[in-house]
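A.B. asks: got a predicted structure here, sequence first:
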Amino acid sequence: MNYAVKAEASSKSKASIHIKQSEISFGITPETADTLANPAELFLGSLSSCILKNVERFSTFMNFEYSRAEITINATRLEKPPRMDEINYELRIYSQDSNLNLDLLKKNIEKFGTIYNTVKISCTITGTIIKIAE
């Protein structure tokens, strides 16, 4: 598989990424730091979307139902060289399904997630999955 995106920036303003029919704005100046996502947050957003996509994917393979899932990711940035060092996530899955095997789901997410596997090569990722009955 191959992927392609297009991005553009306006000097002293903002930038955007164009992916298929989506446009994602992000900040490149101090003035947009409080209102637009920065590149590090987009990076973590990519990891978040990978994990959530795999929840949906594995709900079919593992035969469980859920009403929704949400993830919170926190990361530590090192200064020299500037990079992400430690990433921790908490994934909450809202489900009443007794077929939901959290340990197996976590194992599958960590084994088959494209972004997850790309990131774990360069930094530590830890996480927990919590089932919340509705």
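C.D. replies: Received, thanks. Residues are numbered from 1 along each chain as shown.
A.B. asks: quick one: the helices in this structure?
C.D. replies: 39-61, 102-112, 114-120 (DSSP state H).
A.B. asks: Pro82: which of these is closest?
C.D. replies: helix 39-61 (9.3 Å; CB to CB). In this view, the C-beta of every residue, glycine as well, is placed from N, C-alpha and C.
A.B. asks: the closest one - contacts with which helices or strands?
C.D. replies: strand 22-27, strand 68-78, strand 83-94, helix 102-112, helix 114-120 (3 or more CB pairs under 8 Å, 6 or more residues apart in numbering; DSSP states H and E).
A.B. asks: CA atoms of that helix as CSV?
C.D. replies: Provided in CSV are the C-alpha atoms of helix 39-61 (Å, rounded to 0.1, in the frame of the first residue of the first chain):
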residue,chain,number,x,y,z
PRO,A,39,2.7,19.0,14.5
ALA,A,40,3.3,17.0,17.7
GLU,A,41,-0.4,16.9,18.5
LEU,A,42,-1.1,15.8,14.9
PHE,A,43,1.4,13.0,15.4
LEU,A,44,-0.4,11.9,18.5
GLY,A,45,-3.7,12.2,16.7
SER,A,46,-2.4,9.8,14.0
LEU,A,47,-1.6,7.3,16.7
SER,A,48,-5.0,7.8,18.3
SER,A,49,-6.8,7.3,15.0
CYS,A,50,-4.8,4.1,14.3
ILE,A,51,-5.8,2.6,17.6
LEU,A,52,-9.5,3.6,17.2
LYS,A,53,-9.6,2.3,13.7
ASN,A,54,-8.3,-1.0,15.0
VAL,A,55,-10.9,-1.1,17.7
GLU,A,56,-13.5,-1.1,14.9
ARG,A,57,-11.5,-3.6,12.8
PHE,A,58,-11.1,-6.0,15.6
SER,A,59,-14.7,-5.7,16.8
THR,A,60,-15.6,-7.7,13.7
PHE,A,61,-12.8,-10.2,13.9
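A.B. asks: what comes up buried for that helix?
C.D. replies: Buried residues in helix 39-61, counted by 16 or more other CB atoms under 10 Å: 43-44, 47-48, 50-52, 54-55, 58-59.
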